[in-house]
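1. Sequence and predicted structure, then a few things I'm wondering about:
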Amino acid sequence: MLDINKRKFLFCCCSLPIYFSTSYLLSDNENFDYLVKGPLAGSIYYTKKKPGRWKNLLTSHIPIMQIKSNFLEITTPHEMRGFEHFIHKHIVLDKSFNIISEKIFDPSKDRAYSKHDISGYSNSLFVMSICNLHDTWLEPVKIS
Ligand SMILES: [Fe+2]
């Protein structure tokens, strides 16, 4: 029997691909707005604008991005308390929600930092940061 946190985590991981697989019906701007402000934000996953039930945990779960040359650096300012409470993964998606890159963390030795090659991409990217207790957080990043 899965505990409630594991069920929520699995639900979130299973729901996002369903949305992403049907998102071709929307324009890029509609996709952007829908993901950041739509009904799934704040309930299935969380964003800066819609942190939902985790609003008091926003600053420790929203990924911080920095672009240096052709690389996107992501930091989630979150504790890595072994396997009790940690950031499981960072995922970078292009504007059509194809996975560009991902980094799975080992909470026994890693901090929640990842570096991704974004050569050849323009416009918007999306970053997901996944906490083992506080679900999936999504944040867009504009690149030129
Ligand atoms: Fe957390």
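-> Noted; the coordinates are in hand.

2. Any residues of this structure in contact with the ion? List them.
-> For the chain, the contact set with the ion under Cβ under 5 Å from the ion comprises 131, 133, 134. To be clear about C-beta, it is placed using only N, CA and C from the backbone, and glycine gets the same treatment.

3. Just grab the bridge partners of the first one for me.
-> Note on residue 131: beta-bridge partners residue 87, residue 135, judged by DSSP bridges.

4. how close does it get to residue 70?
-> Distance of residue 131 to residue 70, given as Cβ to Cβ, to the nearest Å: 28 Å.

5. wouldn't residue 62 be in contact with residue 139 here?
-> Yes - applying Cβ atoms under 8 Å, one finds residue 62 in contact with residue 139, separated by 5.7 Å.

6. mind listing what residue 116 touches?
-> Counting by Cβ atoms under 8 Å, 6 or more residues apart in numbering, residue 116 touches 71, 72, 73, 74, 90, 92, 100, 101, 103.

7. ChimeraX command to pick out the buried ones of the residues you listed?
-> Of the contacts of residue 116, the buried ones go into a single ChimeraX selection, burial set by 16 or more other Cβ atoms under 10 Å:
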select :72,74,90,92,100,101,103
